[in-house]
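# what would the 3D arrangement of this be:
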Amino acid sequence: MSDIQPFQILILLMFLGVLLTAQFIIKRLVAHGKVVPFQSEIQIGETLRVSPKERLHLVTVKGQSFLLFISKTGASSIQQINTLGEGHDDA
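Down below sits the predicted model:
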C-alpha cells in the first residue's frame, strides 16, 4: 500500500545527518575565526512602521545612507540623506 521503501527513509536520514554535521562544522569554524562569514555592503540600520501597510527603512550602502519608503500598495521611493559633516553649512 505504501510507496515508501525502507532504504528511501535511510537515505533521507543519512542526507539530513550530513547537513546537520556540515552546519555544526561551519559554525565551529566561524566561532574559532578560521572562516569569515560573508559581509554584505548593504545594511538595513533601522525600520520604522509608518502605518500597518507602510514602512520606512534606513539603509546604508558603501557608507552612504538612504531612506527607503515602501508601501504594500506598490508605491516606493528612495532618498539619499546626508550624514553629519556632509554638506552642512552652519554660517
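# where is the longest strand in this protein?
Secondary structure of the chain per DSSP state E: the longest strand is strand 42-51.
# that one pairs with which strands?
Applying DSSP bridges, strand 42-51 is found paired with strand 54-61 (antiparallel).
# give me the contacts around the longest strand of the chain.
Under the criterion CB atoms under 8 Å, 6 or more residues apart in numbering, residues 55-61, 65, 69 lie in contact with strand 42-51. In this view, the C-beta of every residue, glycine as well, is placed from N, C-alpha and C.
# quick one: the strands in this protein?
Along the chain, the stretches classed as strands by DSSP E are 42-51, 54-61, 64-71, 76-81.
# tell me where the model's unsure across the chain.
1, 83-91 (pLDDT under 70).
# now the angle from the longest strand of the chain to strand 64-71?
Strand 42-51 runs at 40 degrees relative to strand 64-71, counting by axes from the mean of the first three to the mean of the last three CA atoms, to 10 degrees.
# what about strand 42-51, distance to the chain center?
Remark: strand 42-51 is offset 13 Å from the chain centroid, using CA atoms, centre = their mean, to the nearest Å.
# same check on stretch 68-85?
With CA atoms, centre = their mean, you get 18 Å for stretch 68-85.
# pull out the buried residues from that stretch.
Across stretch 68-85, burial judged by 16 or more other CB atoms under 10 Å covers residue 70.
# can you show me the CA trace of it as CSV?
Presented in CSV, the C-alpha positions along stretch 68-85 are these (Å, rounded to 0.1, in the frame of the first residue of the first chain):
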residue,chain,number,x,y,z
LEU,A,68,13.6,53.9,1.6
PHE,A,69,9.8,54.2,1.8
ILE,A,70,7.9,51.0,1.0
SER,A,71,4.1,50.6,0.8
LYS,A,72,2.2,47.4,0.2
THR,A,73,0.2,49.2,-2.5
GLY,A,74,3.4,49.2,-4.6
ALA,A,75,4.4,52.8,-4.1
SER,A,76,8.1,53.2,-3.0
SER,A,77,10.6,56.0,-3.0
ILE,A,78,14.2,56.4,-2.1
GLN,A,79,16.0,59.5,-0.9
GLN,A,80,19.8,59.9,-0.1
ILE,A,81,20.4,61.6,3.2
ASN,A,82,23.5,63.5,4.3
THR,A,83,25.3,62.4,7.4
LEU,A,84,26.7,64.9,9.8
GLY,A,85,29.6,66.7,8.3
